[in-house]
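Asker: Next input, structure requested:
(one chain, ligands or ions: 1)
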Amino acid sequence: MHSIYSDILKAKAVNQKLLAILLDPDKIVWETLDELISKINQSPATHIFVGGSLVETNTIDKLIIQLKENVNLPIVLFPGNPSQISDKADGILFLSLISGRNSDYLIEHQVQAAPILKKTNLEIISTGYILVESESETAVSRVSQTLPLDRNNSEYILQTAQAGEMLGNKLIYLEAGSGAKLSVPLKMIQLVSQNIEIPLLVGGGIRNQKGIQDAYDSGADLVVIGTAFENNFNFFNT
Ligand code: 1GP
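Answerer: Purely as a prediction, here's the structure:
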């Protein structure tokens, strides 16, 4: 039995902060995979997320097989669409883009994914995914054809997070977008974390240790780091 979600809840209960390294299979330089794996093993990461906006399944499988052999962390899919489901992973963030009004990303992709997921043993973790404006356009916004929510309107973002929780999502993910210029505002993290019960994930545009610590101090339960580690495998040693 998987226990990814119950472990996240247990960590939250004792205020133990979590860290996910996001790997986009399209951006993996396969020749450097050994080094990547060894740096992951030396890092404080508690989870590996695998996904991207436009990845093909066979590269996802290939990457996960390598990771499973060499890293002892839960591997969680963070899919851009239903074609990115791999039964090699341990779990999946079953995302609904609740900040947008594109029904494909709210429910249609999930309907397509359901019969595929039924055939796997993946732990399915429903996640209310909220895209927050970060100055320039991000891949999530472009691919999903949705606009991010106004970063100055924390109240509306809180309402969205609360609606996501009331709908039964198990996690809320505040996303600025991969490589975002501006990460999610700390005041917003604070407001949302104080007014929902479920764990809060925060990611997008976090570039240094201080950014991670600030997000934790503001109430993030799990921080996601993609680009900064991708660009510098020594990121966690700096
Ligand atoms: C993107 O939140 C993640 O979906 C991580 O973003 O690549 O900017 O770290 P970065």
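Asker: Got phi/psi on the residue sitting furthest away from the middle of the chain?
Answerer: Taking C-alpha atoms, centre = their mean, the residue of the chain most remote from its mean C-alpha position is Glu31, at 25.4 Å. Note on Glu31: its backbone torsions stand at phi -60, psi -20 [degrees, to the nearest 10].
Asker: mind checking pLDDT for it?
Answerer: Glu31 is assigned a predicted lDDT (pLDDT) of 96.
Asker: and the chain, which of its residues are near the ligand?
Answerer: 22, 175, 178-180, 203-206, 224-228 (C-beta under 6 Å from any ligand atom). Every residue, glycine included, has its C-beta placed from N, CA and C.
Asker: from the residues you listed, which ones fall inside helices?
Answerer: Judged by DSSP state H, helices contain the following of these: Thr227, Ala228.
Asker: Between which two of the residues of the chain next to the ligand is the distance greatest?
Answerer: For the residues of the chain next to the ligand, the farthest-apart pair by C-beta to C-beta is Glu175 and Ala228; their separation is 15.3 Å.
Asker: what lines up beside the top strand by length along the chain in the sheet?
Answerer: If you go by DSSP state E, the chain has its longest strand at strand 123-131. Note on strand 123-131: by DSSP bridges, its sheet partners are strand 91-97 (parallel), strand 171-175 (parallel).
Asker: Those strands: which one's closest to Pro74?
Answerer: Across the strands paired with strand 123-131, Pro74 has its closest neighbour in strand 91-97 (6.5 Å, C-beta to C-beta).
Asker: mind checking how far Leu182 is from the ligand?
Answerer: For Leu182, the distance to the ligand equals 11 Å [C-beta to the nearest ligand atom, to the nearest Å].
Asker: Give me the neighbour count for that residue.
Answerer: Around Leu182 there are 15 other residues, counting by other C-beta atoms under 10 Å.
Asker: Next, the residues that contact stretch 11-20 from outside, please.
Answerer: With contacts defined as C-beta atoms under 8 Å, 6 or more residues apart in numbering, stretch 11-20 is touched by 8, 43-49, 76, 199, 201, 203, 212, 216, 220-225.
Asker: let's go with 10 Å and repeat that
Answerer: With contacts defined as C-beta atoms under 10 Å, 6 or more residues apart in numbering, stretch 11-20 is touched by 7-8, 10, 43-50, 73-74, 76, 78, 93, 197-201, 203, 212-213, 215-217, 220-226, 236.
Asker: Surely Val140 is within a helix?
Answerer: Yes. Counting by DSSP: H, G, I helix; E, B strand; the rest coil, Val140 is part of a helix.
Asker: Next up, the contacts around it.
Answerer: So Val140 contacts 53, 80, 97, 99-100, 105, 129, 131, 146, 148, 175-178, 180, 204 (C-beta under 10 Å, 6+ apart).
Asker: again with Ser136
Answerer: Gly177, Gly179, Ala180, Lys181, Leu182.
Asker: Which pLDDT value belongs to it?
Answerer: Listed pLDDT for Ser136 reads 88.
Asker: can I assume it sits in a helix?
Answerer: No. In this structure, Ser136 is coil, not part of a helix, as judged by three-state DSSP.
Asker: Report the beta-bridge partners for Ile75.
Answerer: Beta bridges link Ile75 to Ile48, judged by DSSP bridges.
Asker: could you pull out the helices for the chain?
Answerer: Under DSSP H, the chain gives helices at 4-13, 33-42, 57-70, 103, 109-118, 139-144, 154-166, 186-194, 209-218, 227-231.
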